[in-house]
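> Need coordinates for the following:
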Amino acid sequence: MSATSLRGLKPALRPDAEALTKAPPAPFWLSTHAKAEWKRIMPQLIARRIITRADLAGVEAYCSAAGICRQLEEERRAAGGMIDKTAFGIWNRAAQTARQLASEYGLTPTSRARIGSAEPEDADADDPLAV
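Below is the predicted model of the structure:
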């Protein structure tokens, strides 16, 4: 397979030998909404053994972006549902960033499928139909 045919394909996420086994507390500088997202996703990341200490800055960025979206939506609702063009632009960029980062950490259906598609190294040993 040529290098150009791999363009756009992401490798399957696999458990990491240095994966965290316990969720660290949410960083104090995160907003209330971002901390809520941290508490929501951390158990999943820990259970899948794909998050290491080196990944925490990316997870913080994801939670911050998701928190911005929630904060702006809360402010929009409080303003009677009015959509401010500037706030929508910020929301849109934060949502895009959150989606991209969520994909990196297996927090989307497609990226979770990549985790599940990773075959064990000895998959053929248990497969009676393997040739």
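> show me the contacts for Pro43.
Contacts were defined as C-beta atoms under 8 Å, 6 or more residues apart in numbering; by that measure Pro43 touches Ala23. Quick note: C-beta positions are derived from backbone N, CA and C, even for glycine.
> Need the three-state assignment for it.
Under DSSP: H, G, I helix; E, B strand; the rest coil, Pro43 falls in the helix class.
> cool, and Ile51?
Applying three-state DSSP: Ile51 is coil.
> tell me the contacts of it?
For Ile51, the contact set (C-beta under 8 Å, 6+ apart) comprises Asp16, Ala19, Leu20, Met42, Leu45, Val59, Tyr105.
> are any of those residues buried, and which?
Buried subset of the contacts of Ile51 (neighbour count, 16 or more other C-beta atoms under 10 Å): Ala19, Leu20, Met42, Leu45, Val59, Tyr105.
> Save the contacts of Ile51 as a markdown table, and put in pLDDT, secondary structure and distance to Ile90 too.
A markdown table is the format used below for the contacts of Ile51 (pLDDT from 0 to 100; DSSP: H, G, I helix; E, B strand; the rest coil; distance: C-beta to C-beta, whole Å):
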| residue | pLDDT | secondary structure | distance to Ile90 |
| --- | --- | --- | --- |
| Asp16 | 75 | coil | 33 |
| Ala19 | 91 | coil | 33 |
| Leu20 | 94 | coil | 31 |
| Met42 | 96 | helix | 25 |
| Leu45 | 93 | helix | 26 |
| Val59 | 97 | helix | 21 |
| Tyr105 | 91 | coil | 23 |
